[in-house]
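K.L.:
For reference, the sequence and a predicted model appear below.
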Amino acid sequence: MIVKSRNLTIRKRRGVQSLEALLVIPVLVIALMAMMQFTAISSVLQAVEGAADEAAREVAKAEVRGGDFVLDAPAVAEDAVNRVLGVHGLNVLNSNGSGVRVFIEDADNDDGDADGNTSLSIGDSLLTRVAPAMGVAASEVRITILVSLDPAGGNNDPIPNLLNYFGLSFQGKRYAITATALKE
């Protein structure tokens, strides 16, 4: 009789474990998808930040070596950004809808702006930015990279849209990262 009672308890416990699994597994799957989503976003944003730092450093070095800002800066910045962001399938393309735009600012070269700063841009002309509140110092170069996470553009979407079914989507979001480098 004791054996039968023990088997009955084990069978009842199996039912409770099955019910717990039905309740917990969906939550764990959603949490796993959220971790994957936010890890991908973090990785891409860190790469964009690294690309901005690298481009600012390379443009500042090119200018110190005596390069012409208007002629050399866009090519130097594009090369630096493409090297870093190419890993994520993002590239600076001079076509609308490409999803990446790079702004290059320098105070030493006057292009007729009231503030005396030279501002050049390469990449997707559909991406616009809010003008910076402060100008660039004479010994600085400022790079701003705008990235649109839209798979309809010319770039691959580097972020999986795993949480779209649950109402959280990052498609179409735009990120702007700015870096400044000193000309030494």
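P.N.:
Received the coordinates, thanks.
K.L.:
what does stretch 126-133 contact?
P.N.:
96-97, 99-101, 103, 105, 142, 144, 146, 148, 174, 176, 178 (CB atoms under 8 Å, 6 or more residues apart in numbering). C-betas here are computed from N, CA, C, even on glycine.
K.L.:
what do you get for stretch 26-37?
P.N.:
Residues outside stretch 26-37 that contact it (CB under 8 Å, 6+ apart): 159, 160, 161, 162, 163, 166, 168, 170.
K.L.:
out of these, who has the most neighbours?
P.N.:
Of all the contacts of stretch 26-37, the highest neighbour tally under other CB atoms under 10 Å goes to residue 159, namely 22 neighbours.
K.L.:
quick one, what contacts residue 82?
P.N.:
So residue 82 contacts 91, 92 (CB under 8 Å, 6+ apart).
K.L.:
Is it in a helix, a strand, or coil?
P.N.:
Three-state call for residue 82 (DSSP: H, G, I helix; E, B strand; the rest coil): helix.
K.L.:
Among the contacts of stretch 26-37, give me the pair with the biggest separation.
P.N.:
By the measure CB to CB, 159 and 166 form the most distant pair in those, at 15.3 Å.
K.L.:
Please report how far residue 41 lies from residue 169.
P.N.:
Separation of residue 41 from residue 169 (CB to CB, to the nearest Å): 12 Å.
K.L.:
can you check residue 146 too?
P.N.:
Relative to residue 169, and taking CB to CB, residue 146 is found at 19 Å.
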